[in-house]
Structure formats: C-alpha cells, structure tokens
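**Q** No sequence on hand, only this structure:
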DNA sequence: ATGGCAACCAATGGTTGA
C-alpha cells in the first residue's frame, strides 16, 4: 500500500498536473492540502474517474484539505473534535484500507509568518490541538498516518541555507520543539529512516529561481504510529513533480507500507 | 538592488503563502 501527501496549491488551477501525477505515482491513498476550494467545489468527477473516493474539508479561497482513497472510506473527521470554532479548514481524518484498516489524516499546518506575531501564536496553538488529537489516536492502537504540510523545517539540514530561515516561523525553535513533541509521544517521522537524507527537499519557492538552484526546504512529512511504523518499507520524495508544466511549489512524499489492499472491495 | 512567483478575489491592485 502506498500513501502520499501533497500540497497542490489550488486543485482547480492545478487539475491537469494533479491528474497526471496521480496516474504516475499510483497510490492507494492521497492526502491533499491547499486545495483552495469549497467542499462542494471540489472536482469530484475527475478524481473519481481515477478510481478514488474523495472526502473533502474545503474553504473558500484558501486552505482546504482532502483525502482520496481507492479503498472505501469509513469514518470521516473534519477539523479537531473540540475545536469546532476554528474557521480554517486544515485537518481531515479518515479510516480506510479495507480489510487492514489504517487511519489517515491530511494536515495543513499554519505557516505562522510573520514571526513573531498573532499568526505564529495561532500556529503554536494549532500544533497543541494536533498533539491532543494525535495522543487520542494512539490510544486506539491502530496504524495511524499523520500526513501533510507541517510548515516546519525539522533541522538545519532540511534547508539549503539555515541563515536565510533563521527568522522564519518554519525554523523557529518553538516550531521545531512542537514537531518533535509529536515524536516524543510516540510517532515516528518516516523520512528519518532514509539514508543520506540531508538536504532532501519537498518545497521549492516559485521565486528567485529556487528550483533551478535547488534552494528547497523539507516541510512535508509523514508521522507514523508504532503500528504503522512497523509496516513502513520505504519513503520517497517524488521530486519530478516540481519540473512539470504549471507545477505546485510542493512535491508528493510517498510512504510504502507492507499492507495488502483488497482491490475487490473498491468503489466503481 | 531586499524584488524576483503564483493563486486568490476583485477588479487593472491588495492579500496570502513559505
């Protein structure tokens, strides 16, 4: 079973690219972020034609997350239970996987810039809600995959020049500590298993020729419960997506898991 | 030289992102 996370930076502006990439990477579950459309405005028909069921938590103009799955989706959670007042759509969680259930969340963590300021405080507060949800999920002892755009550069090795990011919300010690806390409570960062992973990136800015110069950052992550971590076979960054026509500024991160998917049980 | 890109909504410019 392959599970991907990808910040598409507008599903409508990106639809031809998204369809092409989804066909190429051929994953069982795809977590999307920054779809930038309302739940009813999602291009369900085009996505369903690729064999996916789509569950969407949208928002007009900005943010918005979705999960696409080839195996039937059972439970759906939109936003954090107990934090329904948050008007930004940044979290959706489903149970899928067929006979071998796996709980998957698509996360679009707040950027937090400018630092310091209200937006940074919102980011840290949102990360506390995420931690609380993540702790609850651990008690179920299921395979859980928290996938998304975390907007956190975990260490200086995850960017091309730490000095450039020193005053940025993505690299602040508080952001890194909150991300690390998710690991301390019991989640494994999937990419940590990769050898020679220093200076591997998932985002390259549209500006300043960042892609051509390989001035990237690694901010898209897969966090795994122990049950999911046991099944991890490998992780890859689908870097080729950044070189396509009309690319997103992020590329997919794909986790391969030793789970057999029951393809006979798929929606038409 | 501190902007340089892309998408949004609204409207020919302002806001947001990272």
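**A** Received, thanks. All of these numbers come straight from a predicted model, not from anything done at the bench. Residues are numbered from 1 along each chain as shown, chains lettered A, B, ... in the order given.
**Q** Which residue does the stretch 51-200 of chain A have closest to DNA strand B?
**A** residue A:111 (3.1 Å; CB to the nearest atom of the strand). Backbone N, C-alpha and C define where each C-beta goes, glycine included.
**Q** Phi, psi for that residue please.
**A** Main-chain torsions, residue A:111, degrees, to the nearest 10: phi -60, psi -50.
**Q** again, but for residue A:160
**A** phi -80, psi -30.
**Q** Now do the same contact list for it.
**A** A:199, A:201, A:213, A:214, A:215, A:216, A:217 (CB atoms under 8 Å, 6 or more residues apart in numbering).
**Q** go again using 7 Å as the cut-off
**A** Counting by CB atoms under 7 Å, 6 or more residues apart in numbering, residue A:160 makes contact with A:199, A:214, A:215, A:216.
**Q** Quick check: chain neighbours aside, which residue is closest to the second one?
**A** Read that as residue A:214. Excluding the flanking residues, the one nearest residue A:214 by CB to CB, 6 or more residues apart in numbering is residue A:160, at 6.6 Å.
**Q** ok, now the third one?
**A** Leaving out its chain neighbours, the residue that sits closest to residue A:215 by CB to CB, 6+ apart is residue A:160, at 4.6 Å.
**Q** try the last one
**A** Of all residues not flanking residue A:216 in the chain, residue A:201 sits nearest, at 2.8 Å (CB to CB, 6+ apart).
**Q** repeat for residue A:37
**A** Leaving aside its sequence neighbours, residue A:37 sits nearest to residue A:58 (CB to CB, 6+ apart; 5.3 Å).
**Q** my guess is the one you found meets residue A:33, correct?
**A** No - taking contacts as CB atoms under 7 Å, residue A:58 lies outside contact range of residue A:33: 11.5 Å.
**Q** Spell out which parts of chain A neighbour DNA strand B.
**A** Residues of chain A lying close to DNA strand B by CB under 7 Å from any atom of the strand are A:7, A:9-10, A:12-14, A:34, A:36, A:60-62, A:110-111, A:113-114, A:119, A:149, A:151, A:170, A:203, A:205-208, A:217, A:219, A:246, A:249.
**Q** Can I have the buried ones of the residues you listed as a PyMOL selection?
**A** Applying 16 or more other CB atoms under 10 Å to the residues of chain A next to DNA strand B leaves a buried subset, and the PyMOL line that selects it is:
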select buried, chain A and resi 7+9+10+14+34+36+110+111+113+149+151+170+203+217+219+249
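**Q** Which of the residues of chain A next to DNA strand B fall in strands?
**A** A:7, A:149, A:203, A:217 (DSSP state E).
**Q** Output those as CSV; include the columns pLDDT.
**A** Output for these, formatted as CSV (pLDDT from 0 to 100):
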residue, pLDDT
A:7, 98
A:149, 98
A:203, 98
A:217, 97
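**Q** For the contacts of residue A:160, which two are the farthest from each other?
**A** The most widely separated members of those, counting by CB to CB, are A:199 and A:215 (10.5 Å).
**Q** Who has more neighbours out of these two?
**A** Just comparing residue A:199 and residue A:215: by other CB atoms under 10 Å the higher neighbour count belongs to residue A:215, 17 against 12.
**Q** what about the stretch 151-268 of chain A, any weak spots by pLDDT?
**A** A:261-268 (pLDDT under 70).
**Q** the helices in it, which residues?
**A** In the stretch 151-268 of chain A, the segments counted as helices under DSSP state H, counting those that start in this stretch are A:162-165, A:173-184, A:210-213, A:226-229.
**Q** and those helices, which is most packed in?
**A** helix A:226-229 (a mean of 18; mean count of other CB atoms under 10 Å).
**Q** per-residue pLDDT, residue A:103?
**A** Per-residue confidence (pLDDT) for residue A:103: 98.
**Q** where's it, which helix or strand?
**A** According to DSSP states H and E, residue A:103 maps onto strand A:102-108.
**Q** Not counting its own residues, what contacts that strand?
**A** Residues from elsewhere that reach strand A:102-108, judged by CB under 7 Å, 6+ apart: A:3, A:5, A:29, A:31-34, A:63, A:65-67, A:90-96, A:130, A:137, A:142-150, A:228, A:259.
**Q** So which of those sit within helices?
**A** Counting by DSSP state H, these place A:130, A:137, A:228 in helices.
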